[in-house]
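In: sequence first, predicted model second:
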Protein chains: 2
Amino acid sequence: MERSTRQREAIRRVFDIGQPPLTAQEILSLARGEVPNLGIATVYRAIKALLADGTLVDVELPGEVTRYELANKEHHHYFRCRKCGRVYDINNCRVDFDAMTPHGFRLESHDLVLYGRCASCIGAGRG
Amino acid sequence: MERSTRQREAIRRVFDIGQPPLTAQEILSLARGEVPNLGIATVYRAIKALLADGTLVDVELPGEVTRYELANKEHHHYFRCRKCGRVYDINNCRVDFDAMTPHGFRLESHDLVLYGRCASCIGAGRG
DNA sequence: TTAACTGCAAACCCTTTGCACGGTG
DNA sequence: CACCGTGCAAAGGGTTTGCAGTTAA
């Protein structure tokens, strides 16, 4: 991120309003509010730069396209609603994953995704 | 899987020798031992059929292409070695994920991947 | 001014699909 | 001998890259 451009600032600002993890397409749609003819290639290039400088981290949910979120969050996991597809952050990770690690293996990190129905989809009625 | 063909049998047999989760390309390479000019499309079609009839399940590790393994295993998770890239099954899942689920949400399932170094990569020396 | 940035379009990788030929039951 | 299954190649979806025009510094 050397130069400051309208495009990059718009993309960066997308994350300033407490967004859940976003796909490149979602970032594009949101940033087009400020820069209407923004191109997807520019989004990907900006994402790459923001990943490299540590501003963003990628969120890879099994079987889905990569999402991105601000890196300055606590260690956390995700809950994906099977109905609406939204992804929520789960902040309490109080699990002893070391107990699951085979003897002789060294555990360094873990990824966890919970699946089910979110409160709004349950509240909205059957489904 | 209606008809039994050389291709389908070769693909099915790939999994009979205790394979770790395999990518479509790996399945192709292995099955070509029996059917040299096997096409990748046939592999994908066979995988789809084997997923549909419950023989295989897909294994989606964050940021990687889909892998496939036999479905007749217990509920389990994966340990991916950051050095050699191999994926191991983790069979003891005794975690109370419900405790991590937000109020009002309904937990249906979960995916867990542990990352680190496997025993052979630790034993092999520095790294 | 001028080198980095942008948007478009083409290229890529993985997966799926259309089609005519081949093989199973 | 009907069809399903196969291989090839083209099409799709997401991401990356080449290029000429644009713009920040």
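Out: Cool, the structure landed. This structure is a prediction, so every number in the text was calculated from the model and none was measured.
In: okay, CA-based contacts and neighbour counts for the rest of this
Out: Fine.
In: point out the residues in chain A that sit beside chain B.
Out: Residues of chain A lying near chain B by Cα under 8 Å from any Cα of the partner chain: A:60-63, A:66, A:79, A:90, A:92-96, A:100-119, A:122.
In: can you flag the buried ones in these?
Out: Among the residues of chain A next to chain B, those classed as buried by 16 or more other Cα atoms under 10 Å in any protein chain shown are A:60-62, A:66, A:79, A:90, A:100-102, A:105-107, A:111-118.
In: what about DNA strand D: which of those touch it?
Out: Contacts with DNA strand D within those, counted by Cα under 7 Å from any atom of the strand: A:Thr66.
In: now do the phi/psi pair for A:Gln14.
Out: One thing to correct before we go on: residue A:14 is Val, not Gln. phi -50, psi -30 (degrees, to the nearest 10).
In: oops, could you answer that again for A:Arg67 instead?
Out: Here the main-chain torsion angles of A:Arg67 (degrees, to the nearest 10) amount to phi -120, psi 170.
In: which residues sit in contact with it?
Out: A:21-24, A:58-60 (Cα atoms under 8 Å, 6 or more residues apart in numbering or on different chains).
In: name the helix or strand for the nearest residue to A:Asp96 once chain neighbours are set aside, please.
Out: Using Cα to Cα, 6 or more residues apart in numbering or on different chains and skipping residues adjacent in sequence, the residue nearest A:Asp96 is B:Val95, 7.9 Å away. For B:Val95, there is no enclosing helix or strand under DSSP states H and E.
In: and if you look at A:Tyr44?
Out: Going by DSSP H and E, A:Tyr44 is part of helix A:40-52.
In: name the residues that touch that helix?
Out: Counting by Cα under 8 Å, 6+ apart, A:1, A:7-8, A:11, A:24-25, A:27-28, A:56-58 sit against helix A:40-52.
In: among the residues you listed, which are in helices?
Out: Counting by DSSP state H, the contacts of helix A:40-52 place A:7-8, A:11, A:24-25, A:27-28 in helices.
In: just the buried members of the residues you listed?
Out: A:7-8, A:11, A:24, A:27-28.
In: near DNA strand D too, which of those residues?
Out: A:Ala24.
In: residue contacts, the residue sitting nearest the centre point of chain A?
Out: The residue lying closest to the centre of chain A (Cα atoms, centre = their mean) is A:Pro21, at 2.4 Å. The contact partners of A:Pro21, by Cα under 8 Å, 6+ apart, come to A:59, A:67-69, A:87.
In: repeat that for A:Leu28.
Out: Counting by Cα under 8 Å, 6+ apart, the residues that A:Leu28 touches are A:11, A:38-40, A:43.
In: buried subset of those residues as a PyMOL selection?
Out: A single PyMOL command selects the buried members of these (16+ other Cα under 10 Å):
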select buried, chain A and resi 11+38+43
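In: is it possible to get JSON lines of the contacts of A:Leu28 that adds distance to DNA strand C and pLDDT?
Out: Shown next, in JSON lines, are the contacts of A:Leu28 (distance: Cα to the nearest atom of the strand, whole Å; pLDDT from 0 to 100):
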{"residue": "A:Ile11", "distance to DNA strand C": "9", "pLDDT": "97"}
{"residue": "A:Leu38", "distance to DNA strand C": "3", "pLDDT": "97"}
{"residue": "A:Gly39", "distance to DNA strand C": "4", "pLDDT": "97"}
{"residue": "A:Ile40", "distance to DNA strand C": "7", "pLDDT": "97"}
{"residue": "A:Val43", "distance to DNA strand C": "7", "pLDDT": "98"}
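In: tell me which of the contacts of A:Leu28 is nearest to DNA strand D?
Out: Comparing the contacts of A:Leu28 against DNA strand D with Cα to the nearest atom of the strand places A:Ile40 closest, at 6.1 Å.
In: tell me the angle of the strand ranked longest in chain A relative to strand B:106-117?
Out: Under DSSP state E, the strand in chain A containing the largest number of residues is strand A:106-117. Counting by axes from the mean of the first three to the mean of the last three Cα atoms, to 10 degrees, strand A:106-117 lies at 160 degrees to strand B:106-117.
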